[in-house]
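Asks: model the structure of this input:
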Amino acid sequence: VQLQASGGGLVQTGDYLRLSCAASGRTFSNYDMGWFRQAPGKERLLVAAISRRGLRTYYADSVKGRFTISRDNAKNTVYLQMNSLKFEDTAVYYCAWIRTWPSEPDGYWGQGTLVTVSS
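Replies: This is a model prediction of the structure:
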């Protein structure tokens, strides 16, 4: 089982980034997926979730209207388009298999990707 997040970087306020997460080891289309983030000194929290076929999505209030989660089951990949980035979006971002919709992960954490937004 592996989750490999990528696409992070250093950007300025108002910029955009697109994160990707390649999954392996499970039948990807059988699982809801989520993006979580953890800022320094804070707990890891759900940012967005997407259902198995991509028909249902969920967003944290802090990112609604700015972030979009999507998935490509043929590529075993989930994406997070992040627009209008704010300083407070700075965090390490992780993708996860979702055990219970929308916010309970199954406990496996792959390598995250760091997003730094400068003000």
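Asks: center of this protein - which residue?
Replies: Among the residues of the chain, the one closest to the centroid is residue 35, at 2.4 Å (Cα atoms, centre = their mean).
Asks: list the beta-bridge partners for that one.
Replies: In this entry, residue 35 is beta-bridged to residue 48, residue 95, by DSSP bridges.
Asks: correct me, but it touches residue 91?
Replies: No. Residue 35 lies out of contact with residue 91 (Cβ atoms under 8 Å); the separation is 10.5 Å. To be clear about C-beta, it is placed using only N, CA and C from the backbone, and glycine gets the same treatment.
Asks: and the residue nearest to the centre of the chain, how far from residue 85?
Replies: Per Cβ to Cβ, to the nearest Å, residue 35 is found 14 Å from residue 85.
Asks: what do you get for residue 116?
Replies: Separation of residue 116 from residue 85 (Cβ to Cβ): 10 Å.
Asks: ok, now residue 78?
Replies: Taking Cβ to Cβ, one finds residue 78 at 19 Å from residue 85.
Asks: before we move on, what about residue 107?
Replies: Distance, residue 107 to residue 85, by Cβ to Cβ: 29 Å.
Asks: what about residue 52, neighbour count?
Replies: Neighbourhood size, residue 52 [other Cβ atoms under 10 Å]: 16.
Asks: alright, I will stop here.
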